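# Sequence first, then the predicted structure:
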Amino acid sequence: MRTSTLMKVGASALLLSSCSGLKHATTERPLFAGVDLEWEQAPVEDVKRIGAELEGVVRPAANNRFLGMRPTVALHNAIKEPKKPKGFRNLLKNKIGSAPVYLEDVPLGDINAAFENRLNNHGYFAARSRYEVQAHGRTARVVFYVHAGIPHRLRTITYADSTDTLNTYIARARDGSPLEPEQLYDLALLEAERNRVVGTLRNEGWYHLKDDDLVFAADTASATHVMDIRLRLKRATGTQARQRFTLGAVRVHGDHDALLPPTDSLLLDSLLYINTLNNYRPSTILLGVFLRPGQFYSAQRSDQTSQYLSSYGVFKSTQVQYAEDSLRPGILDADVLLVPQKRWSLFTELNAVSKSNNFAGPGARMGFKDRNLFRGAEVFTTDINGRFETQVAGAQKGTNAYEVGIKVALQIPRIVPFGFLRSVRSSAPSTRADIGYGFFRRVGLYGLESFNTSFGYVWRHNPRVWHDVRLLDVSYNSLYYSSAQFSAFLDTNLVVARSFEEQFIVGMAYTYTVTTRKRNSDAGYLLASMAVDESGDLLSAGFSLGGPRPEGGYRLFDRTFSQYVRFRPELRYYSRMGRRGDRVVARLLAGVALPYGNSDVVPYVKQFFVGGTNSVRAFRARSVGPGIYVPDATSGVLIDQTGDIRFEGNIEYRFTIAGFFKGAVFGDAGNIWLVNDDPQRPGGDLEWSHVLSELAVGAGFGLRFDPEVIVVRLDLATPLRQPSLPVGDRWVFNDLRPRIFDNVVFNIAIGYPF
């Protein structure tokens, strides 16, 4: 008995050692466990940011830990050395797994010197650093003791040191400078300001000027801990960099092919348009070219031309090349080279997805794309999609459903019919039109069919603001099949029945989106949007000219049309944390749909729902609410729960596990409510004083495979609060059980939830 116990203890210790990643570590060769930073004298500003910067200097970094274990190291140690540099064994050992980092692998002396150097860059020129190794069995941490000292501050700031044309423009750039007297010296800030000034000059004709052609000269001799700085040209800057250039010929190759000679050319608006295959109308391409002969060279206009034409979505590459005119000094000739993608293509997508509403099944989408329908870079797409689902768990286990749809869409890279209108120069506005038909069949219960078409515009007001307007948004929805069981359900649920009635939705929609995100920046940012859509307003106004509203409401083609308005605000926040690219992401959603006039119920397809892969993930899709309402489980009818009002919040911490494998910990909360009381759904109406207490709450963790091309996501979540339970019993921590289909919801999806 004693021997058996000792064997179990030994096996447990071996397993623990293996999972902890300490299999090959010894007290003489300990595993590196990380660093701690102790300030003997802290910086006077930005202590947290500078501390994070110093910690980011430590390379190699310590191995990742999860719940005290190092699973990626354990995996690396468990896999034999692969015989080939590629293959499954190499993937497991070196991509998913990670090699152990030992203390001897860490260049502590170099890191210590780098700490002092980084503090010098922040103006702490007398900074000192030392370190101490603290061993803990087979692991070791390193403590750095850092003394920042007294920083240097800026006293005077001047630009340029002469009065020629180039220096005059350098002096003018002082007006937009973020540098002010009394600021701490900061090398990164000075380099960013120098690069900003060089960028300004490159937009004013100085084609050859580079960032390192300018320098901040500092003088610290006149006083203690202050300095005078001047931005000037380096003495070694050559005459070529000082030369200002003007554009000569501007040639636009609309369908460039390096292997084929041009067939003809045409001079339009001072631009020479060169045809190779005669693919596009010149006016379509020249609308996105912002270069003209006689302009001073501008890197910004060059980038805008490339970005605008790339946004057409029909070119494989867009480049602007420059060459100096050998006979005319100071003249640049420009060639805009556009290489088109294949005009016609077929595509097919197959998927087999398990969904959080307990349904699983295969799906397929196939289609055809024409990237130049009318020789104006119009993108025409037609596709057919279908999917089959069967419920693998829950009360309606075995229920089947299928869906089939067809859609035809056209995207035109300009505002039709006002093709001369432009949006921000980095993105082309687009006109979008589509038409589609589809039907959904819940086998043995009901079938829905829909026809829809829309026409609208999408454009950017500036790089941070964009608009989406649908001038026409029409759909016709019909319950084409209803079983006796489902019909009986509708007979006793009149409000739900009215939402399923066949009806036209004829209206408009508008979405305004704004973001604080800066280009090429990892700083946290907000993204906010407000979407508004309505139905029936213009139709009702037109019909009202013919007389008062009839008792049954106005009708279009002998069918009732809906009248409602919906508001859908959304706010998202993205914040980067740490040096490994971890992020905290949050989202707040709201929505309200108000019926009026012809309608006393919002159409079923326009109502809100909560739950599912991109919503409150601990609850199955469309299973929450409205309010505290509990559907009758004995009816045998599978009906999605929808409402007129929605509140939802999500927060997610995303982190890297190893390589392409990411992890997440998340929490979700939300619910839906009804605008008007429904006797058949008691507790579904909104009472503001009860909103927080009626939120469904869930939490969980997720695994994601993210090779930056496609994201495959697996989220596991469990309910924490059930609004349908009596007051006082809604928190369900004590009710959690390990039965996976009772308490844990699996969400398998493509892409991040938000």
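Looks like it came in fine. This one's a predicted model, so the numbers in the text were calculated from it and none came from an experiment.
# Spell out the secondary structure type for residue 189.
What DSSP: H, G, I helix; E, B strand; the rest coil gives for residue 189 is helix.
# Surely it touches residue 180?
No. Residue 189 is not in contact with residue 180 according to Cβ atoms under 8 Å; the separation is 10.8 Å. Every residue, glycine included, has its C-beta placed from N, CA and C.
# neighbour count winner among those two?
Taking neighbours as other Cβ atoms under 10 Å, residue 189 and residue 180 compare with residue 189 leading, 16 against 8.
# dump the residue contacts of that one.
Residue 189 makes contacts with 178-179, 183, as judged by Cβ atoms under 8 Å, 6 or more residues apart in numbering.
# Any chance of TSV for those residues, columns neighbour count?
Listed next are the contacts of residue 189 as TSV, based on neighbours: other Cβ atoms under 10 Å:
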residue	neighbour count
178	9
179	16
183	15
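# Filter those residues down to the ones in strands?
Counting by DSSP state E, no part of the contacts of residue 189 is found in strands.
# quick check, nearest of the residues you listed to residue 403?
residue 178 (54.9 Å; Cβ to Cβ).
# I figured the closest one hits residue 190, correct?
No. Judged on Cβ under 8 Å, residue 178 makes no contact with residue 190 at a distance of 10.4 Å.
# joint contacts of these two?
Counting by Cβ under 8 Å, 6+ apart, residue 178 and residue 190 have no contacts in common.
# Could you list the buried residues of stretch 532-540?
Buried residues in stretch 532-540, counted by 16 or more other Cβ atoms under 10 Å: 533-537, 539-540.
# which one of those residues is nearest residue 582?
For those, the nearest to residue 582 is residue 533 (36.6 Å; Cβ to Cβ).
# wait, is residue 321 part of a strand?
Yes. Assessed by three-state DSSP, residue 321 belongs to a strand.
# how near is it to residue 617?
Using Cβ to Cβ, to the nearest Å, residue 321 is found at 50 Å from residue 617.
# ok, those two, which is more surrounded?
The neighbour comparison of residue 321 against residue 617 (other Cβ under 10 Å) goes to residue 617, with 30 against 12.
# Leaving out chain neighbours, which residue sits closest to the more buried one?
Using Cβ to Cβ, 6 or more residues apart in numbering and skipping residues adjacent in sequence, the residue nearest residue 617 is residue 717, 4.1 Å away.
# Bridged to the one you found, which residues?
Assessed by DSSP bridges, residue 717 has beta-bridge partners residue 700, residue 745.
# cool, and residue 433?
Under the criterion used (DSSP bridges), residue 433 bridges to residue 410, residue 455.
# how close does it get to residue 171?
For residue 433 relative to residue 171 (Cβ to Cβ), the value is 52 Å.
# and the least confident of the buried residues of stretch 532-540?
Of all those, residue 540 carries the smallest pLDDT score, 81.
# just checking, which of the buried residues of stretch 532-540 belong to strands?
533-535.
# if we can go back for a sec, most widely separated two among the buried residues of stretch 532-540?
533 and 540 (15.5 Å).
# What ranges does the stretch 151-300 of the chain have for its helices?
165-172, 187-202, 239-242, 282-286, 299-310 (DSSP state H, counting those that start in this stretch).
# So which bits of the longest one are buried?
This points to helix 187-202. The neighbour-count check on helix 187-202 (16+ other Cβ under 10 Å) flags 189-190, 193-194, 197-198, 200-202 as buried.
# could you dump those to TSV with distance to residue 74 and pLDDT?
As requested, those are arranged in TSV below (distance: Cβ to Cβ, whole Å; pLDDT from 0 to 100):
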residue	distance to residue 74	pLDDT
189	44	94
190	46	95
193	48	96
194	48	96
197	52	96
198	50	96
200	54	96
201	55	96
202	52	97
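# Tell me the one of those nearest residue 375?
Closest to residue 375, out of all of the buried residues of helix 187-202 and judged by Cβ to Cβ, is residue 202, at 35.3 Å.
# residues in contact with the closest one?
209, 297-299.
# what's the next secondary structure element after the helix or strand of the chain with the lowest mean pLDDT?
Every helix and strand in the chain was compared by mean pLDDT, DSSP states H and E; the lowest is helix 2-19, with a mean of 43. Following helix 2-19 in sequence order, the next helix or strand is strand 31-41 (DSSP states H and E).
# Give the buried residues for that following strand.
For strand 31-41, the neighbour count (16+ other Cβ under 10 Å) marks 31-35, 37 as buried.
# just those now: which is nearest residue 134?
residue 33 (9.1 Å).
# Hmm, the closest one is touching residue 62, no?
Yes. The criterion here is Cβ under 8 Å, and residue 33 meets it with residue 62 at 5.7 Å.
# Look up the closest residue to residue 209, ignoring the ones flanking it.
Counting by Cβ to Cβ, 6+ apart, the residue nearest residue 209 is residue 241, at 5.0 Å.
# any idea which of the buried residues of strand 31-41 is closest to residue 223?
Checking the buried residues of strand 31-41 against residue 223 by Cβ to Cβ gives residue 37 as the nearest, at 31.3 Å.
# check contacts around that closest one.
Here residue 37 is in contact with 51, 54-55, 143-144, 146 (criterion: Cβ under 8 Å, 6+ apart).
# Helices - which of those residues land there?
51, 54-55 (DSSP state H).
# that older thread, any idea which of the helices of the stretch 151-300 of the chain gets closest to residue 373?
So among those, helix 282-286 is nearest, using Cβ to Cβ, at 11.8 Å.
# which strands and helices sit next to that closest one?
Helices and strands touching helix 282-286, by 3 or more Cβ pairs under 8 Å, 6 or more residues apart in numbering; DSSP states H and E, are strand 246-253, strand 264-268, strand 271-275.
# What are the contacting residues of that helix?
By Cβ under 8 Å, 6+ apart, the residues outside helix 282-286 that reach it are 252, 254, 266, 268-269, 271, 273, 309, 338, 375-377, 413-414, 419.
# do that again at 7 Å, thanks
252, 254, 266, 268-269, 271, 273, 338, 376-377 (Cβ atoms under 7 Å, 6 or more residues apart in numbering).
# got the CA positions of that helix in PDB?
Extracted C-alpha coordinates of helix 282-286, given in PDB (Å, rounded to 0.1, in the frame of the first residue of the first chain):
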ATOM      1  CA  PRO A 282     -10.000  57.000 -69.100                       C
ATOM      2  CA  SER A 283     -12.400  59.200 -67.100                       C
ATOM      3  CA  THR A 284     -12.900  56.500 -64.500                       C
ATOM      4  CA  ILE A 285      -9.200  56.200 -63.800                       C
ATOM      5  CA  LEU A 286      -8.300  59.900 -64.000                       C
END
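# and that helix, which residues are buried?
So, applying 16+ other Cβ under 10 Å, buried residues of helix 282-286: 282, 284-286.
# and it, average pLDDT?
93.
# I'd assumed residue 723 was in contact with residue 694.
Yes. Residue 694 lies in contact with residue 723 (Cβ atoms under 7 Å); the separation is 4.5 Å.
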